[in-house]
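Please find the sequence and the predicted model below.
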Amino acid sequence: MILPLHPQEGATVSLQSEAQRAFLADEPRRRAMDGNLTFRWYDLEREEKDSTQPLPVLFSWEESLSEGEEEAKGALYCLLVSESPDMTDAAVYMTEEKRLAVYNLKVATAYFWCVQKNGRRSAVFSFTTLATLPRCVRIDAISNVRDMGGYEVEGGRIRQGLLYRGGEFELHGHLTKQGAEALCRLGIRTELDMRGEAIGKVDFTAAEPLGISRILVPCVPYTQVFKKENAANVGAFFKVLAEPSHYPVYFHCWGGADRTGTFALILGAFLGMGEAQLIDDYEFTSLSVWGTRTRNYGEFRRFWEAFMALSGDTLRQKADAFLRDIAGLSLAQREALYRILVEPNM
């Protein structure tokens, strides 16, 4: 008999680390942080720390054998994790041990799990992950990865599992076998590469052998997104995201910090995220290997001022004006972008 032990039936589980919770709770200090940073977005220096990794869900179970029954040599346990109580579409994890750490489950989600071996299956247990945002994602050896979904917006919620932001897979970050397995489990279909510096240096990214299509759209951060000479590429970036066949998408620059942070903020505002959430998401990069980011940093402050000067009374209206007037997205494309990424309340 196989008996599930942990997570216990009806448990709630946090996927956010203590360091991440402390960072988000320390908003007053972040608000007052000195903005005189010396980093250059096009020449980042890597630090040793990385506090962007999520916590796993720790599963454990025990097995008892009937009298006279011998344990089958070489037999593996099969852990099944599903969002459905009937275990349909379950993710499958194989292990020799009676415990396993599983990363990258969704936040604010009810899960069901059981274990099977040699044709025997345990009872099904359930647990719920807490709504701790942002939803950090573990891709081994890659820093600053997170899902843009999970946020409640007017009339709905940004969908999880469709749009991920993070650092690159080669040159300054190096995708491992475990990282590649994580990308496959996430079902990434498109790598939206924002690195102009990759031209002539990266003919094939580390993700392409996994069957992930790469779309290269060189981008620049902060106030440079408002310049006429950059409008074509700004538009090309968002038009990729307006096409449903591209999803799930992983978009990145070098460190997932400045170019990625700028475009994530514009998109988040368009989808309905509030100012505090947008600023938190931008500053969250401070936990990565790519150094501190603050709302008081001159480049960001000038970008924010220019963004706030756009037409519209709300952040969403201003972002819509940006996508319409600067990125050149049609009404149909903007509606498609919103429809793809926002799940309406039922």
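Yep, that arrived. As the structure is a computational prediction, the values presented were derived from the model and not from experiment.

hey, where'd the helices end up in the stretch 1-150 of the chain?
Secondary structure of the stretch 1-150 of the chain (DSSP state H, counting those that start in this stretch): helices located at 18-25, 27-31.

Now the last one: buried residues?
The one in question is helix 27-31. residue 30 (16 or more other CB atoms under 10 Å). The C-beta positions use only the backbone N, C-alpha and C, and glycine is treated the same way.

swap in stretch 208-215?
Neighbour counts over stretch 208-215 (16+ other CB under 10 Å) mark 212, 215 as buried.

any idea of the mean pLDDT in that stretch?
Mean pLDDT, stretch 208-215: 97.

so how many other residues sit close to the residue nearest to residue 137 when sequence neighbours are not counted?
Leaving aside its sequence neighbours, residue 137 sits nearest to residue 145 (CB to CB, 6 or more residues apart in numbering; 4.4 Å). Neighbour count for residue 145, taken as other CB atoms under 10 Å: 26.

go on, residue 9?
Other residues close to residue 9 by other CB under 10 Å number 10.

Quick one, which of the helices of the stretch 1-150 of the chain gets closest to residue 248.
Residue 248 lies closest to helix 18-25 among the helices of the stretch 1-150 of the chain, at 22.8 Å (CB to CB).

now the helices: where do they sit in the stretch 201-346 of the chain?
Assigned by DSSP H, counting those that start in this stretch, the stretch 201-346 of the chain shows helices spanning 231-241, 259-271, 275-283, 298-308, 315-321, 331-341.

Which strands and helices lie in contact with the fifth one?
Using 3 or more CB pairs under 8 Å, 6 or more residues apart in numbering; DSSP states H and E as the contact criterion, the neighbours of helix 315-321 among helices and strands are helix 259-271, helix 298-308.

List the buried residues of that helix.
Buried-residue list, helix 315-321, by 16+ other CB under 10 Å: 315, 316, 318, 319, 320.

need the strands for the stretch 101-250 of the chain, in chain order.
110-117, 120-121, 125-129, 135-136, 146-147, 152-153, 156-158, 163-166, 190-193, 213-216, 249-252 (DSSP state E, counting those that start in this stretch).

Let's test this: mean pLDDT of the fifth one, rounded?
This predicted structure assigns strand 146-147 an average pLDDT of 98.

And that strand, what does it pack against?
strand 135-136, strand 163-166.

Give the pairing partners of it; include direction for each.
On the basis of DSSP bridges, the sheet neighbours of strand 146-147 come out as strand 135-136 (antiparallel), strand 163-166 (antiparallel).

Repeat that for the first one.
Pairing partners of strand 110-117, with direction, according to DSSP bridges: strand 77-82 (antiparallel), strand 120-121 (antiparallel), strand 125-129 (antiparallel).

Tabulate the helices and strands packed on strand 146-147 (JSON lines), appending mean pLDDT and distance to residue 279.
What follows is those, written out as JSON lines (pLDDT from 0 to 100; distance: least, CB to CB, whole Å):
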{"stretch": "strand 135-136", "mean pLDDT": "98", "distance to residue 279": "17"}
{"stretch": "strand 163-166", "mean pLDDT": "98", "distance to residue 279": "15"}
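
Minimum distance to residue 50: which of the ones you listed has it?
In terms of CB to CB, the element of these nearest to residue 50 is strand 135-136, at 10.8 Å.

Tell me how many other residues surround residue 312.
14.

quick one, what contacts it?
318, 320, 321 (CB atoms under 8 Å, 6 or more residues apart in numbering).

Nearest to residue 82, out of these: which one, please.
Nearest to residue 82 out of these is residue 320 (CB to CB; 37.3 Å).

For the least confident helix or strand in the chain by mean pLDDT, which outside residues touch it?
Of the helices and strands making up the chain, the lowest-confidence element is strand 120-121, at a mean of 93, by mean pLDDT, DSSP states H and E. Under the criterion CB under 8 Å, 6+ apart, residues 1, 2, 114, 115 lie in contact with strand 120-121.

Pull out the buried residues from these.
2, 114, 115.

Save the residues you listed as TSV, and put in pLDDT and distance to residue 105 too.
Listed next are those as TSV, based on pLDDT from 0 to 100; distance: CB to CB, whole Å:
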residue	pLDDT	distance to residue 105
2	94	21
114	98	15
115	98	16
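
how about those residues in CSV, adding distance to residue 44?
Shown next, in CSV, are these (distance: CB to CB, whole Å):
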residue, distance to residue 44
2, 48
114, 44
115, 43
